[in-house]
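A.B. asks: heads up, no residue letters with this:
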């Protein structure tokens, strides 16, 4: 079943696999024929011993004989907890051939993001985003694959691949269309649960299944027996070979090798001996055969089984407690017995002295044969040996996970260090496992709270509900220093918020505020209190705005807690429609020389992304779109550079799209909002960032006049009630009401806009640009209820004049003009143009010009509006202006 064996025996494993081999030959020929061919993914599925490894070995032989580069890797039953284990194996040939400078050149910006996960670069100062690391690995493999065309990637035992590799493989499989590479994956059906099962299913969904392998037929077993032992093997003997092995190719090959070794005559008279021979090749029989090689060989095999895959001869010797020469002798003995082989001979690459088991069934049998207590002790010894060899705490942690708890403070510290190393390369699940194991030890009382806090931080993004329990437990114990305790409260409140427990989040913060003396720590949590209340979409909490205003009255922006409060007050004033100049003045005071203060940058974690999104939004709706665009562009650049390509980058794209939509750069806005939605899909539907992406894109498509596309997006992504508990920009009900009106569902649209009116009133949101329900509702009611429409338009104008921006006043005047006729309509439309010409919102200016041109029957105004509409990418306005010009 491996290339370590004689060719005749290895090829025997491919009996009745002609169809599968033909598929491999066809795929490799297609890859070899054209460097522009699309990539492909083949999956081989079958139970243990049915020939998956043999097919991958044949794929290697075919590929290499056709001039292809082949990289391969294998999952391992005992190393599934080692993050990036399989993808590191896969890339080893490329990585060892590159100098550090070459690797940086090939990987470009992804070097610092993916390099630590691949073990070729030191981790950076900031904890990477796991999704960003996954994207970096995809980009790294894509770049290396283009250099190595034609390239074949072989992954064996994918059911035992680590979760981080499976996440990479699932993402990589989706992007093979423009990459000339062949990926062949072998797996057993079932046997995987949770996230790994979901990821493996995602890989399978992208794959072309070669087949689900089945056992050999009696005829095939007979042919294989005679091909191996000679044509003189009689029919009863051949039938017994099939009966004893059940047609399992691996067992058949092993059994026939045993027959050759024992010089058993392949005749009916010897058939009864086959069962004893077969037992020696599996389970207890294999163990007995291993023990027959002697105690030293057995001990060395046990050490190899503990170490798993890519077994270092030096480490195995150290763990087995024997000198190097004795270890070499044992390795040779086990190789001759077809138990161990070298990685280079089995996979075509790797250090010459690294070992692996000939077949996973053998590795499993040997590992399980180690007495339980001894196996646990050997894992402890392996952890020490790995640590002493300089491989680091993370490499040793997989062994420490198997050690029984024993009140060992040193083990706790090792697992904490391992967790930090895992987090530094983008493997939070591995970090979680280490810290959970540390808690079982358990930690010393003075350290226990710190471990709980670290565990809560490690699970914040992946499991908010679990984080809540860990952080609450940490806060109930002594041992957290003041700064760390405040951070724990903040992170707990974040987890509660993400778990739709806003009231509990605010209450948790308030309880800690009461405990603290006046100072920066207390003010930070007061700011967090108002931040969570500020993004709540429900009814305004009593005293929210007045309490915030009172707290801010004494703030000068001397530290980040005061700056945060200034931002929150500016955002609150903007949503309430207070004077826009005061909004801008508050926001400006939160900056340092016009820039974000140190500690308040986009990738700083002390405050979270919500605060800075509030700052940019306050500028955007106060007509300071240059500042808003600059902030959101800075966010996107920072997240791309840091490799934060999950929710953070989705939000940055969404809000940059919002700023560009406000500026009237509609095509650019659509681009960023579609990218935001793509990224949000990977994070998960239903989250606030998902609503931001969807709502912003629909708003932009409506502005462009692409009503059908907007309706399709709304249908596809569930843009309908119930809405999220946090506010979304632009206002969801206003945008959905506008969409319903645009597709002719007038009554539903009016109902939605009236719901927007009610929600805005409950929140105290009177900004007519932020939530433009009033102007749309007034237009919708113009015919059936003109008096109410006029009242709505009048209220909108009063609110707009209170807010004071050119955009707000101009939009209110546009609405008023739409409700009038004759010269009064012309005068109001002209006033709208005056205001909107001075605003930074080009789309609204274009709409006002065209409406004024229609009302005044002015070719000049229509042409001006047409030019603005074309520049904005507002196709609906272009069509409207062209139709009006044609009618004059």
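C.D. replies: That came in fine, so what should we check first? On a predicted model such as this, the values are computed, not experimentally measured, just so you know. Residues are numbered from 1 along each chain as shown.

A.B. asks: Which residues are in contact with the residue most central in space within the chain?
C.D. replies: Nearest to the geometric centre of the chain sits residue 131, at 3.2 Å (C-alpha atoms, centre = their mean). Taking C-beta atoms under 8 Å, 6 or more residues apart in numbering, we find residue 131 in contact with 644-646, 682-683. In this view, the C-beta of every residue, glycine as well, is placed from N, C-alpha and C.

A.B. asks: Tell me the buried residues in whichever strand or helix holds residue 712?
C.D. replies: Counting by DSSP states H and E, the element that carries residue 712 is helix 707-716. Buried residues in helix 707-716, counting neighbours by 16 or more other C-beta atoms under 10 Å, are found at 707, 709-711, 713-714.

A.B. asks: One more: stretch 302-322?
C.D. replies: Neighbour-count burial for stretch 302-322 [16+ other C-beta under 10 Å]: 302-313, 315-320, 322.

A.B. asks: ends of it, how far apart?
C.D. replies: In stretch 302-322, first residue to last residue: 13 Å (C-alpha to C-alpha, to the nearest Å).

A.B. asks: average pLDDT across it?
C.D. replies: Averaged across stretch 302-322, the pLDDT comes to 91.

A.B. asks: Offset the numbering so it begins at 25, please.
C.D. replies: Understood, numbering begins at 25; the last thing we discussed is stretch 326-346.

A.B. asks: how near is the closest residue to residue 772 other than its chain neighbours to residue 714?
C.D. replies: Excluding the flanking residues, the one nearest residue 772 by C-beta to C-beta, 6 or more residues apart in numbering is residue 764, at 4.7 Å. Plainly put, residue 764 is 21 Å away from residue 714 if you go by C-beta to C-beta, to the nearest Å.

A.B. asks: which of these two has more neighbours?
C.D. replies: Neighbours were counted for residue 764 and for residue 714 using other C-beta atoms under 10 Å; residue 714 has more, 24 against 21.

A.B. asks: State the helix or strand in which that one lies.
C.D. replies: Assessed by DSSP H and E, residue 714 sits inside helix 712-728.

A.B. asks: between that helix and helix 731-740, how many degrees?
C.D. replies: 160 degrees (axes from the mean of the first three to the mean of the last three C-alpha atoms, to 10 degrees).

A.B. asks: What mean pLDDT does helix 712-728 get?
C.D. replies: Helix 712-728 comes out at a mean pLDDT of 94.

A.B. asks: Just list what it packs against, helices and strands only.
C.D. replies: Judged by 3 or more C-beta pairs under 8 Å, 6 or more residues apart in numbering; DSSP states H and E, the packing partners of helix 712-728 are helix 671-687, helix 690-707, helix 731-740, helix 756-766, helix 899-911.

A.B. asks: Determine the number of other residues adjacent to the spatially closest residue to residue 906 that is not a sequence neighbour.
C.D. replies: Nearest residue to residue 906, sequence neighbours excluded (C-beta to C-beta, 6+ apart): residue 890, at 6.8 Å. Neighbours of residue 890 under the rule other C-beta under 10 Å: 22.

A.B. asks: what's the answer for the one 4 residues further on, then?
C.D. replies: By the criterion of other C-beta under 10 Å, residue 894 has 14 neighbours.

A.B. asks: Would you mind listing the residues in contact with it?
C.D. replies: So residue 894 contacts residue 902 (C-beta under 8 Å, 6+ apart).

A.B. asks: picking up where we left off before, export the helices and strands packed on helix 712-728 as JSON lines, with columns for mean pLDDT and distance to residue 273.
C.D. replies: Formatted as JSON lines, those follow (pLDDT from 0 to 100; distance: least, C-beta to C-beta, whole Å):
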{"stretch": "helix 671-687", "mean pLDDT": "95", "distance to residue 273": "47"}
{"stretch": "helix 690-707", "mean pLDDT": "93", "distance to residue 273": "40"}
{"stretch": "helix 731-740", "mean pLDDT": "97", "distance to residue 273": "47"}
{"stretch": "helix 756-766", "mean pLDDT": "97", "distance to residue 273": "59"}
{"stretch": "helix 899-911", "mean pLDDT": "95", "distance to residue 273": "62"}
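
A.B. asks: Could you say which of those is packed most deeply?
C.D. replies: helix 671-687 (a mean of 27; mean count of other C-beta atoms under 10 Å).

A.B. asks: Packing partners of that helix?
C.D. replies: Against helix 671-687 (3+ C-beta pairs under 8 Å, 6+ apart) you get helix 633-645, helix 649-666, helix 690-707, helix 712-728.

A.B. asks: Dump those to CSV, plus distance to residue 192.
C.D. replies: CSV is the format used below for the helices and strands packed on helix 671-687 (distance: least, C-beta to C-beta, whole Å):
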stretch, distance to residue 192
helix 633-645, 25
helix 649-666, 19
helix 690-707, 13
helix 712-728, 23
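
A.B. asks: of all the ones you listed, which lies closest to residue 394?
C.D. replies: For the helices and strands packed on helix 671-687, distance to residue 394 was read as C-beta to C-beta. The smallest value, 41.4 Å, belongs to helix 690-707.

A.B. asks: tell me what that closest one is packed against?
C.D. replies: Partner elements for helix 690-707 (3+ C-beta pairs under 8 Å, 6+ apart): helix 671-687, helix 712-728.

A.B. asks: Tabulate those (JSON lines), appending distance to residue 803.
C.D. replies: As requested, the helices and strands packed on helix 690-707 are exported to JSON lines (distance: least, C-beta to C-beta, whole Å):
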{"stretch": "helix 671-687", "distance to residue 803": "20"}
{"stretch": "helix 712-728", "distance to residue 803": "14"}
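
A.B. asks: Residue 548: how many residues sit nearby?
C.D. replies: Neighbour count for residue 548, taken as other C-beta under 10 Å: 26.

A.B. asks: one step back: okay, the angle between the helix holding residue 736 and helix 899-911?
C.D. replies: 150 degrees.

A.B. asks: Contacts for helix 731-740, please.
C.D. replies: Outside helix 731-740, the residues that reach it (C-beta under 8 Å, 6+ apart) are 701, 718, 721-722, 725-726, 743-744, 760, 763, 766-767, 900.

A.B. asks: try 7 Å
C.D. replies: Residues from elsewhere that reach helix 731-740 (C-beta atoms under 7 Å, 6 or more residues apart in numbering): 718, 721-722, 725-726, 763, 766-767.

A.B. asks: I figured residue 453 hits residue 186, correct?
C.D. replies: No. Using C-beta atoms under 7 Å, residue 453 is not in contact with residue 186; the gap is 9.3 Å.

A.B. asks: who's more crowded, these two?
C.D. replies: Using other C-beta under 10 Å as the criterion, residue 453 and residue 186 rank with residue 186 on top: 24 against 19.

A.B. asks: tell me the contacts of that one?
C.D. replies: Residue 186 makes contacts with 104, 106-110, as judged by C-beta under 7 Å, 6+ apart.

A.B. asks: which residues does the nearest residue in space to residue 341 that is not next to it in sequence contact?
C.D. replies: Once flanking residues are discounted, residue 341 sits nearest to residue 351: 3.5 Å by C-beta to C-beta, 6+ apart. Residues near residue 351 by C-beta under 7 Å, 6+ apart: 324, 337, 340-341, 344.

A.B. asks: and which of the residues you listed is nearest residue 564?
C.D. replies: Using C-beta to C-beta, residue 340 comes nearest to residue 564 of these, at 67.0 Å.

A.B. asks: can you give me phi and psi for that closest one?
C.D. replies: phi -60, psi -40 (degrees, to the nearest 10).

A.B. asks: how close does it sit to residue 101?
C.D. replies: The value you get for residue 340 to residue 101, if C-beta to C-beta is used, is 17 Å.

A.B. asks: Please state the offset of the helix or strand that residue 342 is a member of from the chain centre?
C.D. replies: Assessed by DSSP H and E, residue 342 sits inside helix 337-344. In terms of C-alpha atoms, centre = their mean, to the nearest Å, the gap separating the centre of helix 337-344 from the centre of its chain is 37 Å.
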